[in-house]
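can you look at this prediction? I've put the sequence above it.
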Amino acid sequence: MKQIQMSLTDWVFRACGEEAWLPANVPGTVHTDLLRNGRIDRPFYGTNEHDLQWIDKKNWEYRTVIHLEETWQALAVTELTFAGLDTYADVYVNQVHVLAADNMFRAWTVNVKGLLQAGQNEIRIVFRSVVSEDLPKLEALGYALPAPNDQSELGGLQEQRISVFARKAPYHYGWDWGPRFLTSGIWREAMLTGRDAAEIKELYIRQNTVNGQEARLTALVEVEAPQAWSGMLRVSARGQEWMKAVSLVTGSQTLELELVIDQPRLWWCNGLGSPELYTFRAELLQGAEIVSVSEATTGLREIKLVRKPDAQGTSFYFELNGVPVFAKGANHIPNDSFITEVTEERYRHEIATAVASNMNMLRVWGGGFYEEEEFYRLCDEYGLLVWQDFMFACSMYPGDEAFLSNVRAEAEYNVRRLRNHPCIALWCGNNEIDSAWSEYEEYMGWGWKEKMNAEIRGTLWRAYEEIFHRILPEAVAANHPGINYWPSSPLRELTGGQDQHATRIMGDGDIHYWGVWHGKEPFENYNLKVGRFMSEYGFQSFPELKSVLSYAEEADLALESKVMLAHQKNGQGNRLIKEYMDMYLPQPKDFRGFLYMSHVLQAEGIRMAIESHRRSKPYCMGTLYWQMNDCWPVASWAGMDYYGRWKALQYAVRRSFQEVILSVDSTDGESVRVYGVSDRREALSGELVLRLHDISGALVREWSQPVILAADSSAVIFTLPAAELLEGREPASVLLVASLLESGQEQGPEAGQVLGTGTRQVLERKEHYFVPAKDIPLSKAVITVTEVPGSGGASFTLSSDVLARGVHLTVEEEGIFSDNYFDLLPGEPKTVEFSLRGGGSGGGADFTPAAPTGLVIRSMADYI
Ligand code: BMA
């Protein structure tokens with residue numbers, strides 16, 4: 001066997017037409033290379049984004065010189081592979097043009113045999129400006145394609161929105177949480193490969209049927225042979241082995257080998273079991289010699305989207321290995337405007353955060369990019385299901401043959417790239433295009449089609465149907481059998497026809513509910529607008545002060561300052577935060593108070609939404625809030641900011657996504673209903689304890705009763721007319737504390753916390769107020785801290801002398817608390833633990849308990 005690989009990492013770059021070459025990082029981008037060479041200021045700082053728009057107007061070139069030994073010449077095949085080029089790139093090998101790339105989402109391989117020589121060889125890539133490349137396409141088309149998130153004005157292009165012409169990450173053009181940085185460069189690995197024997201190019205483990213008894217699989221082994229060859233194919237996994245004799249012809253071919261595994265260890269998502277993984281190894285053998293080898297790691301599982309008519313419409317839920325899953329999670333966007341800056345540790349922190357927040361699903365949203373291998377590998381390992389969008393969002397796309405065939409190749413490449421990952425639960429065509437266009441309801445949608453003549457309308461809808469109802473579903477069916485395809489999110493029904501696209505009907509399909517926030521509806525509407533699967537809803541807040549100070553100076557700390565506005569991409573954002581704050585929270589005394597209040601506000605809104613969705617189970621079977629993360633430091637809907645710092649929302653999510661929760665609903669003003677929601681696969685029996693306190697903390701009344709929560713259920717477990725519960729007391733003068741106690745070994749949210757006598761654990765505890773926080777008088781709390789003996793300073797107990805709302809802990813280190821932004825009642829101390837971010841790898845600790853320094857404790861009263 002002879003196979004040589006050379007990773008091409010040693011590059012220089014310059015703007016075309018300039019003299020001097022500068023050192024470059026590959027994988028990387030022009031922007032980050034300019035920054036490292038001191039040619040530009042930090043892109044995320046202040047208003048620098050505005051000053052860096054010249055970069056995308058230029059062409060850039062990258063160059064490497066490689067030295068090849070004589071041995072390369074003798075090899076039958078020499079290939080140059082680029083796993084990602086952003087975006088319009090011409091590649092030259094020793095001055096010969098070998099490739100014109102036009103899609104950042106595809107990998108490119110070219111045969112360069114005969115072009116390379118022993119000794120020095122030059123590879124040069126010219127990245128043509130997407131602006132100069134795509135403006136003529138817009139001009140040729142003669143009319144604008146809708147792309148409202150494209151910040152063309154910021155880029156100096158006025159109304160000319162060109163994002164839809166390039167197969168390039170849509171968010172690069174700007175979004176309502178993202179800056180406009182049209183990157184270019186070699187953004188994934190570049191490699192030179194030579195061989196003169198058969199090579200396994202790809203190993204796919206197709207899962208035909210999988211259940212607890214047996215897994216029937218097919219290993220599809222794609223082989224490239226420089227000449228005819230015969231030998232053996234061997235596939236092995238976990239000590240089992242399958243073999244067959246094979247004969248190869250020259251060229252590429254797919255070998256198949258049937259595999260049966262008895263009593264497989266199934267892959268489960270977080271909360272349902274362990275995410276078991278199998279590594280399969282495929283080998284081509286010539287006698288005892290291994291000619292080529294390839295490995296694929298996968299998990300054995302059956303995942304499907306179940307859509308069955310029922311009394312309320314059509315179900316919409318995921319079933320994993322026959323078990324219905326209530327999806328709990330968030331929408332993921334790219335972790336950086338400059339993708340190549342995202343380290344393994346940052347991916348791990350995001351995924352560990354998702355799991356620590358009791359999630360079981362992330363949606364890779366269609367305005368970003370098909371994520372890196374690392375992301376999916378971590379989702380596999382941690383048991384997070386992935387709702388995977390294709391990269392199309394909030395726009396109408398061209399339908400010419402060149403564009404369509406580019407999309408076809410992109411879809412096939414990415415489906416094949418990701419299909420071994422057990423985390424992939426669904427392929428979804430696009431984000432919000434069906435509902436924005438609204439073909440079958442004239443006066444719905446975002447007003448795009450109404451402005452067009454019949455001919456253009458027809459053309460755009462045909463292109464839409466071609467991409468999302470033919471090309472993409474065909475790519476999934478052909479390459480990833482067993483995984484469902486859903487054309488658009490949100491959507492009511494699967495294919496064509498008048499009644500079957502997005503409408504505002506809640507009984508079918510998935511829902512993006514933006515009545516709260518964009519529609520300015522009150523938080524209480526989260527209780528009313530519940531669909532079968534809530535794939536988006538959200539509320540903004542600012543990042544914390546430390547993060548704000550990474551892009552702003554003290555002098556910029558005002559809502560309307562230039563810098564603050566540059567880091568708020570939703571035109572109405574700051575005003576909306578302010579208006580909602582006025583509805584629910586006391587007036588903050590200064591900008592710091594405003595930041596804090598924005599966190600508490602966001603957490604409260606999304607908590608209400610999540611609880612309402614979970615209470616509606618099994619009618620509603622999923623809730624993915626907008627959004628998990630940020631791509632730069634900015635005011636946004638994220639629960640975790642660009643630096644991975646948890647906002648109050650992340651703590652609220654963690655509590656609201658616990659396996660078992662209590663949820664108190666008194667929105668109708670008439671009754672107080674306590675729900676028990678359980679995602680457990682077995683019933684649980686315990687005791688519900690309700691305590692009515694006055695706001696000084698004194699106990700007023702108490703109820704307790706045994707309760708049984710059925711497996712996988714939501715039910716009202718206590719109800720009382722509000723008048724009877726309050727007995728004439730002012731709603732603002734009391735709060736209700738609901739606790740669920742369970743006997744036995746089960747650990748509650750406060751590990752080891754025991755209430756009363758015996759071994760009963762507090763499984764869940766929740767404070768419920770009858771009026772918004774702004775209507776409850778608060779006095780300054782004195783909170784005392786006692787270290788928990790033996791915890792090394794990582795755990796401490798907090799007690800307050802008065803009711804303290806939204807107790808906020810900050811420390812110097814980067815890390816998380818077991819809880820934060822919680823309420824403290826006098827006489828009811830609470831123990832929290834601090835953990836450092838990271839501290840382990842490869843399945844080790846993601847958060848390591850440690851004693852923090854500089855602990856500061858504040859509560860709402862300190863900010864007003
Ligand atoms: C949804 C998303 C994004 C957007 C978010 C907030 O529509 O799909 O397009 O960032 O709302 O407006």
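Yep, it's here.

this protein - how does it break down into domains?
3-192, 198-298, 778-864 (automatic domain parsing).

wait, which of the ones you listed is closest to Leu472?
With respect to Leu472, and counting by CB to CB, the nearest of these is domain 3-192 at 12.8 Å. Every C-beta, even on glycine, is put in place using the N, C-alpha and C of the backbone.

what's the average pLDDT for the closest one?
Mean pLDDT, domain 3-192: 97.

give me phi/psi at the most centrally placed residue in the chain?
The centre of the chain sits closest to His332, judged by CA atoms, centre = their mean, with a distance of 1.8 Å. Main-chain dihedrals, His332, degrees, to the nearest 10: phi -100, psi 130.

for it, give its distance to His518.
Distance of His332 to His518, given as CB to CB, to the nearest Å: 20 Å.

same check on Gln117?
Applying CB to CB, the value for Gln117 to His518 is 60 Å.

assign the closest residue in space to Trp637 that isn't next to it in sequence to helix, strand or coil.
In space, Trp637 comes closest to Gly538 once its chain neighbours are excluded; the distance is 3.8 Å by CB to CB, 6 or more residues apart in numbering. Assigned by DSSP: H, G, I helix; E, B strand; the rest coil, the conformation of Gly538 is coil.

so who does Gly538 touch?
Counting by CB atoms under 8 Å, 6 or more residues apart in numbering, Gly538 makes contact with 514, 517, 606, 625-627, 637.

need the buried ones from those selected in PyMOL.
To isolate the buried ones among the contacts of Gly538 in PyMOL, judged by 16 or more other CB atoms under 10 Å, type:
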select buried, resi 514+517+606+625+626+627+637
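
now tabulate the contacts of Gly538 in TSV and tack on secondary structure.
Output for those, formatted as TSV (three-state DSSP):
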residue	secondary structure
Trp514	coil
Trp517	coil
Ile606	helix
Tyr625	strand
Trp626	coil
Gln627	coil
Trp637	coil
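
could you check how many residues crowd around Tyr551?
23 (other CB atoms under 10 Å).

one more: Pro23?
By other CB under 10 Å, the residues close to Pro23 number 11.

ok, back up a step: would you mind measuring from the residue nearest to the centre of the chain to Ala558?
For His332, the distance to Ala558 (CB to CB) stands at 32 Å.

next one: Glu611
For Glu611 relative to Ala558 (CB to CB), the value is 35 Å.

what about these two, which has more around it?
Between Glu611 and Ala558, counted using other CB under 10 Å, Glu611 has the larger neighbour count: 24 against 13.

that one reaches Thr667, doesn't it?
No: contact between Glu611 and Thr667 fails when scored by CB atoms under 8 Å: they sit 11.1 Å apart.

tell me where the model's unsure across the chain.
1, 493-505, 744-759, 839-845 (pLDDT under 70).

50 instead?
Residues of the chain that meet the criterion pLDDT under 50 lie in 1, 496, 746-747, 757, 840-843.

show me what from it comes close to the ligand.
Within the chain, the positions near the ligand by CB under 6 Å from any ligand atom are 175-177, 367, 393-394, 431-432, 512, 536, 626, 637.

quick one: buried ones out of the residues you listed?
Those of these that meet the buried threshold are 175-177, 367, 393-394, 431-432, 512, 536, 626, 637, by 16+ other CB under 10 Å.

tabulate those (CSV), appending distance to Phe326.
Output for these, formatted as CSV (distance: CB to CB, whole Å):
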residue, distance to Phe326
Trp175, 29
Asp176, 29
Trp177, 27
Gly367, 26
Ala393, 26
Cys394, 28
Asn431, 22
Glu432, 23
His512, 18
Glu536, 17
Trp626, 18
Trp637, 22
